[in-house]
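this one's structure only:
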Ligand code: IMP
């Protein structure tokens, strides 16, 4: 994060799981507020602090730093039950959360019927997306369909009951169309979630105003994205995407500040590529190598436990991410996972099914299934990197790999992560 940047966005540049949680945790040290701008409990950030491991789904990773204010912006779909599971678990582990968590009055609520519809839609879909099953798609559908229930509605019981009733009716019709019976205890499930409404409402605020005031007062803010660029609803591998805009521009709409308030955008890229859920992964590895990298990198979903598919570094995608997000810098994570490999490949272009070669990320998702990556081969460094604390501590070949990532992506590498601990983060330059 540049010395002067008051407001920085942290965004994933691949298919999520790039290690944003750790980078946010490290950078949070230098800021006053950390705010999430989209997504919900589909995200899963694993952060290690000393010997403790924390998995966060909705609360920003900044919460692990004493005194930092953490906000959930209006762009988030907030699962109240999951939210308080997480909140209470953090408190039980000794964190002082008093006055530290705020939720936007404009954020939408994710209620039990959204999860039901998510699962039913996946089961009956001809083309499966492989969602996390957390109800994200249906909650954003309700938001766009103007049936959504917002945190602000919790302040008016009558209006809340009416809006929940309408949304529930709509979802039950959709469940019926999908051949599902509405569970008999659905009312009880919804009531259960809404009993936490008062507790949530007590945390509600105008988060956009709060961020704008903080910036005006010279304080620093980090806006934290979930998922990654290739899962963005507009720019990702549609329809195999999540249902929100994950990219940097959404940080403004999803928190309630103007785009000109953003000073820097740090893109997080893993030193290789992974994907969980359905959809194309152009640089996917052969099964044996795929297994090995998954094992080396511990590539299993933090939310669902699903194994992630692994691939070589794809610079066609990261260059596209640099463009869409307006990256001012890059954080490369999990470099140490590649320590033992004798040879590394980097995709520099795609050979399309019609034989043409392009270095642009194609809009037609189905053509991506048939592309053949054009690879460049780089020698592995075959030496441990997890003890490195400065760039100079890294083997020459590891630095050459980072230089190539920087060159192909088109944005300067500012951070390199070589392990799960905070101390295993190398500031560059
Ligand atoms: P949804 O966000 O649960 O609707 O899932 C849509 C797609 O995004 C699926 O392919 C999921 O696997 C993927 N996805 C959602 N959240 C994450 C995440 O935090 N990391 C990686 N993939 C995710």
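That came in fine, so what should we check first? Here the structure is a predicted model, which is why all the values come from computation and not from measurement. Residues are numbered from 1 along each chain as shown.

Which stretches in the stretch 51-200 of the chain count as helices?
Ranges of helices in the stretch 51-200 of the chain, per DSSP state H, counting those that start in this stretch, are 80-92, 112-124, 136-144, 157-177, 186-194, 197-201.

Return the most buried member of those helices.
helix 136-144 (a mean of 23; mean count of other C-beta atoms under 10 Å). All C-beta atoms are positioned from the backbone trio N, CA, C, and that covers glycine.

Report the angle between it and helix 157-177.
Put simply, helix 136-144 runs at 130 degrees to helix 157-177, going by axes from the mean of the first three to the mean of the last three C-alpha atoms, to 10 degrees.

do helix 136-144 and the ligand meet?
Yes. Contact of helix 136-144 with the ligand (C-beta under 6 Å from any ligand atom) involves 136-137.

Mind giving me the packing neighbours of that helix?
strand 77-79, strand 108-110, helix 112-124, helix 157-177 (3 or more C-beta pairs under 8 Å, 6 or more residues apart in numbering; DSSP states H and E).

I'd like the mean pLDDT over that helix, please.
Averaging pLDDT along helix 136-144 yields 98.

can you count the residues close to residue 395?
16 (other C-beta atoms under 10 Å).

scratch that, residue 397
Residue 397: 15 surrounding residues under other C-beta under 10 Å.

what's the helix or strand for residue 268?
Under the criterion of DSSP states H and E, residue 268 resides in strand 264-270.

after that strand comes which helix or strand?
Later in the chain than strand 264-270, the nearest helix or strand by DSSP H and E is strand 273-275.

Point out the other helices and strands that whichever helix or strand comes after that next one packs with.
The helix or strand immediately downstream of strand 273-275 is helix 287-297, counting by DSSP H and E. If you count contacts as 3+ C-beta pairs under 8 Å, 6+ apart, helix 287-297 packs onto strand 309-311.

is any part of the strand it packs on close to the ligand?
No. Strand 309-311 lies out of reach of the ligand by C-beta under 6 Å from any ligand atom, never closer than 10.6 Å.

Any buried residues in that strand, and which?
The neighbour-count check on strand 309-311 (16 or more other C-beta atoms under 10 Å) flags 309-311 as buried.

what lines up beside the helix or strand that it is followed by in the sheet?
The helix or strand immediately downstream of strand 309-311 is strand 313-314, counting by DSSP H and E. Strand pairing for strand 313-314, using DSSP bridges, gives strand 343-351 (parallel).

If you average the pLDDT over the partner strand, what comes out?
If you average the pLDDT over strand 343-351, you get 98.

Distance from that strand to the middle of the chain?
Relative to its parent chain, strand 343-351 has a centroid offset of 25 Å by C-alpha atoms, centre = their mean, to the nearest Å.

go on, stretch 150-166?
Relative to its parent chain, stretch 150-166 has a centroid offset of 29 Å by C-alpha atoms, centre = their mean.

so how far is residue 152 from the closest residue to residue 145 other than its chain neighbours?
In space, and not counting its chain neighbours, residue 145 is closest to residue 170: 7.7 Å by C-beta to C-beta, 6 or more residues apart in numbering. Using C-beta to C-beta, to the nearest Å, we find residue 170 at a distance of 20 Å from residue 152.

Residue in this structure with the shortest distance to the ligand?
residue 277 (2.1 Å; C-beta to the nearest ligand atom).

That residue: what's it in contact with?
By C-beta atoms under 8 Å, 6 or more residues apart in numbering, the contact list for residue 277 reads 15, 129-132, 240, 306.

looking at those, which has the most residues close by?
Ranking the contacts of residue 277 using other C-beta under 10 Å puts residue 15 first, with 29 neighbours.

Report the contact partners of it.
Residues in contact with residue 15 (C-beta under 8 Å, 6+ apart) are 227-228, 230-231, 273-277, 279, 281.

Let's see that with 6 Å instead.
Residues near residue 15 by C-beta atoms under 6 Å, 6 or more residues apart in numbering: 228, 230-231, 275.

Secondary structure element holding it?
Going by DSSP H and E, residue 15 is not part of any helix or strand.

Begin at 558 from now on, thanks
Got it, the first residue is 558 from now on, which makes the last one we talked about residue 572.

Leaving out the residues flanking it, which one is nearest to it?
residue 832 (4.1 Å).

Hmm, the one you found is touching residue 868, no?
No. Counting by C-beta atoms under 6 Å, residue 832 stays clear of residue 868, with 7.4 Å between them.

Identify the contacts common to the two.
residue 838.

How about the residues of the stretch 708-857 of the chain by the ligand?
Within the stretch 708-857 of the chain, the positions lying close to the ligand (C-beta under 6 Å from any ligand atom) are 783-784, 788, 797, 799-800, 833-834.

residues from the stretch 558-707 of the chain in reach of the ligand?
572-574, 599-601, 686-689, 691, 693-694.

Select from those residues the entry with the lowest predicted confidence.
Of all those, residue 601 carries the smallest pLDDT score, 86.

what's the burial count for that one?
20.

which residues touch it?
Residue 601 makes contacts with 612, 614, 859-860, as judged by C-beta under 6 Å, 6+ apart.

one more time with 10 Å
573-574, 578, 612-615, 689, 691, 783, 858-862 (C-beta atoms under 10 Å, 6 or more residues apart in numbering).

And for residue 819?
Residue 819 makes contact with 562-566, 772, 778, 780, 805-806, 808-809, 812, 883, 885 under the criterion C-beta under 10 Å, 6+ apart.

Nothing else from me, thank you.
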